[in-house]
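>>> Task: produce atomic coordinates for the following.
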Amino acid sequence: MMFFVDLLTNLFLLAIGAIILAIIVMFVIDVSQTTDAVRRNYPVVGRFRKLFSTLGEFFRQYFFAMDREEMPFNRAEREWVDHSSSGGDNTIAFGSTRNLNPVGTAIFVNCPYPVLDEHADKTPAVTMGPQTPNPYTAKSIINISGMSFGAISKPAVLALSRGAKEAGCWYNTGEGGLSPYHLEGGCDIVFQIGTAKYGVRNDDGSLNEDKLRDVAAHDTVRMFEIKMSQGAKPGKGGILPAAKVTPEIAEIRGIPAGEDSISPNRHPEVDNNGELLDMIARVRGITGKPTGFKTVIGAYGWLDRLCEEIHARGIDSAPDFITVDSGDGGTGAAPMPLMDNVGLPIREALPMVVDVLMRHGLRERIKVIASGKLITPAEVAWAYCAGTDFVVSARGFMFSLGCIQALKCNKNTCPTGITTHDKRLQKGLDPAVKSERVKNFAHKIEYGVNLIAHSCGAKHPRALKRYHVRLVQSDGKSVPMDELYPTVEPTNAVAAE
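Residues are numbered from 1 along each chain as shown. Coordinates of the predicted model:
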């Protein structure tokens, strides 16, 4: 017995000695270094500042932040997506926790005689590129926005692809090229051509027409989207850290493995409206499929000039769609100055683009796709009121996969396996299980938007108009959206054509 007592005593003294030695070593290091003033002035103790700052992020999320306080998405939004994706009960009790007073809050105008379920219409389909050899007709009101293989993992791509097939929506590849995992699920695919032209590039970064034809040869690749800019980093190309450029990803993209993958901040061959239309015509001519472009709206006079150029060339020269991204969009990695302060949010940009197209008589020819923080039925319904034809979401579907907003997308340490290529972390993401959640989320969005539409007296989401929603103003009163953005008629010259 005494032997064990002596052993424990010796171990305790050894542990105390080791702790004291570690403190002495840290003390010497802290007072000797010159890079951290806090540690130099407060040796050892100053180290706790960084620890508490790191832990504070998690304590705020789980213990201290209110349900509607967090950014970019709050707990109420994340939990709605989680409950919807799991197929569970996503109703709430006792009253809304949302403050309806902030400027811009959308309040939908319910009518006294809502549409009965048996009198509702199925959402009509919309066709893009009817003049192309392979037009694309889709009725989905929510689709998966661009998330590339590389930015997200193999199991995440598989789950999204399979889920999109089950939900009947499309999946945008993002700028990282077409992988086997996009194709495996069998869903409709929108192939995005980023500024680096990953997957369809020559070694010098120019467009490789043969590779483009190979991509278009897949029946499930239905449209092509030329990415001019994205919401989180307008004026800056894609950023994929070297740790995430695996040999497989490098091969698909056509770049060296293990090196940072930095895209140009625009397409080198597109420097004006005419060259943009030239590129659209080139891609559409090679693929025979609908082609449009994605952009963030900042300056907007160029849109009017683009429409004038389309009329000068002929209406067939128009893009088949424009994807309008929000200045508060998301991404795996972006410079903070661009993410925080560049580009108009979707609330201002979407009605602006729709009105420009209306003014130039091109609204029927060019379809509009809205993107950017639209992850709940109310936000999606607002976009349809504003005049969009489709809504796409990336982060909403990431939440459906199990994203916990850890904000580690650029670190290759995502704890849910979505944005990492660490095999150990990817094991937590089972594509068979998560694809079901993707399908559930898409269906719950559609169900919720239909609820709002029927309450407003519209028979389906695409029948929603601007007068169906009011927006709160600085004086606390709400104003109908159609007063803030009145109906735009084509100009005399356009109407006379």
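
>>> CA atoms for contacts and neighbours, from now on please.
OK.

>>> doesn't residue 300 make contact with residue 306?
No - counting by CA atoms under 8 Å, residue 306 stays clear of residue 300, with 10.1 Å between them.

>>> Of those two, which one has the most company?
Ranked by neighbour count (other CA atoms under 10 Å), residue 306 and residue 300 place residue 306 first, with 17 against 13.

>>> In contact with that one: list those residues for me.
273-274 (CA atoms under 8 Å, 6 or more residues apart in numbering).

>>> Likewise for residue 124?
Taking CA under 8 Å, 6+ apart, one finds 139, 462 in contact with residue 124.

>>> what helices or strands is the top helix by length along the chain leaning on?
Identified as the longest helix of the chain according to DSSP state H is helix 2-32. Using 3 or more CA pairs under 8 Å, 6 or more residues apart in numbering; DSSP states H and E as the contact test, the elements touching helix 2-32 are helix 37-41.

>>> any idea of the mean pLDDT in the longest helix of the chain?
For helix 2-32, mean pLDDT is 85.

>>> mind listing the strands for the stretch 201-350 of the chain?
Assigned by DSSP state E, counting those that start in this stretch, the strands in the stretch 201-350 of the chain fall at 221-227, 239-240, 261-262, 291-296, 321-325.

>>> Tell me which of these lies nearest to residue 49.
Smallest distance to residue 49 across those (CA to CA): 30.4 Å, for strand 239-240.

>>> Direction included, what does that closest one pair against?
Strand 239-240 has the following strand partners under DSSP bridges: strand 261-262 (antiparallel).

>>> what about the partner strand, average pLDDT?
Mean predicted confidence for strand 261-262 is 81.

>>> who touches that strand?
Taking CA under 8 Å, 6+ apart as the rule, strand 261-262 contacts 237-242, 245, 255.

>>> one more time with 7 Å, if that's ok
Residues from elsewhere that reach strand 261-262 (CA atoms under 7 Å, 6 or more residues apart in numbering): 237-242.

>>> Of those, select the buried ones using a PyMOL command.
Paste this into PyMOL to select the buried members of the contacts of strand 261-262, with burial taken from 16 or more other CA atoms under 10 Å:
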select buried, resi 237+238+239+240+241
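
>>> any chance of the contacts of strand 261-262 in CSV, with pLDDT too?
Below are the contacts of strand 261-262 laid out as CSV (pLDDT from 0 to 100):
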residue, pLDDT
237, 72
238, 74
239, 75
240, 80
241, 81
242, 82
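
>>> Which of the contacts of strand 261-262 sits closest to residue 270?
The shortest approach to residue 270 among these belongs to residue 237, at 14.1 Å (CA to CA).

>>> Name the residue closest to the centre of this structure, please.
Central residue of the chain (CA atoms, centre = their mean): residue 394, 3.2 Å from the mean position.

>>> so who does it touch?
Residue 394 sits next to 144-147 when contact means CA under 7 Å, 6+ apart.

>>> how close does it sit to residue 179?
For residue 394, the distance to residue 179 (CA to CA, to the nearest Å) stands at 18 Å.

>>> Please apply the same query to residue 25.
When distance is defined by CA to CA, residue 25 is 50 Å away from residue 179.

>>> and residue 209, what pLDDT?
The model's pLDDT for residue 209 equals 97.

>>> Just give the nearest non-adjacent residue to residue 246, would you?
residue 257 (5.7 Å; CA to CA, 6 or more residues apart in numbering).

>>> coming back round to it: please tabulate the contacts of strand 261-262 in TSV and include distance to residue 428 as additional columns.
Listed next are the contacts of strand 261-262 as TSV, based on distance: CA to CA, whole Å:
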residue	distance to residue 428
237	30
238	27
239	25
240	23
241	22
242	23
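
>>> Now the two most distant members of the contacts of strand 261-262.
Pairwise distances across the contacts of strand 261-262 peak at 15.3 Å for 237 and 242 (criterion: CA to CA).

>>> OK, contacts around residue 154?
Neighbouring residues of residue 154 by CA under 7 Å, 6+ apart: residue 181.

>>> next one: residue 168
Residue 168 neighbours (CA under 7 Å, 6+ apart): residue 140.

>>> re the thing from before, which one of the strands of the stretch 201-350 of the chain has the poorest average confidence?
Among those, strand 239-240 carries the lowest mean pLDDT, at a mean of 78.

>>> ok, residues contacting that one?
151, 260-263, 333.

>>> can you list the domain ranges for this protein.
2-64, 117-495 (automatic domain parsing).

>>> Single out the most deeply packed of these.
Stretch with highest mean neighbour count among the domains of the chain: domain 117-495 (a mean of 20; mean count of other CA atoms under 10 Å).

>>> for the stretch 251-400 of the chain, what spans make up the helices?
Listed in chain order, the helices found in the stretch 251-400 of the chain under DSSP state H, counting those that start in this stretch are 273-287, 301-313, 336-341, 346-359, 377-386, 395-401.

>>> nearest to residue 109, of these?
The nearest among those, by CA to CA, is helix 377-386 at 11.2 Å.

>>> Now do the closest one: everything it contacts.
With CA under 7 Å, 6+ apart, helix 377-386 has contacts from 350-351, 370, 374, 391, 445, 448-449, 461-462, 464-466, 468.

>>> lowest-pLDDT helix or strand in the protein?
Using mean pLDDT, DSSP states H and E, helix 492-495 stands out as the lowest-scoring helix or strand of the chain, at a mean of 54.

>>> in the sheet, who's paired with the residue nearest to residue 192 when sequence neighbours are not counted?
Sequence neighbours aside, residue 225 is the residue nearest to residue 192 in space, at 4.6 Å (criterion: CA to CA, 6+ apart). Judged by DSSP bridges, the bridge partners of residue 225 are residue 192, residue 292.

>>> which ones are touching residue 225?
190-193, 291-294.

>>> And those, which is closest to residue 89?
Residue 89 lies nearest to residue 190 out of the contacts of residue 225, by CA to CA, at 32.2 Å.

>>> Out of the contacts of strand 239-240, which two sit at the greatest distance?
151 and 263 (13.3 Å).

>>> Does residue 373 touch residue 327 like I think?
No - using CA atoms under 7 Å, residue 373 makes no contact with residue 327, being 9.8 Å away.

>>> circling back: same list (the contacts of helix 377-386) but as a markdown table, adding distance to residue 491.
Converted to a markdown table, the contacts of helix 377-386 look like this (distance: CA to CA, whole Å):
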| residue | distance to residue 491 |
| --- | --- |
| 350 | 20 |
| 351 | 18 |
| 370 | 25 |
| 374 | 32 |
| 391 | 28 |
| 445 | 37 |
| 448 | 37 |
| 449 | 33 |
| 461 | 28 |
| 462 | 25 |
| 464 | 25 |
| 465 | 22 |
| 466 | 21 |
| 468 | 26 |
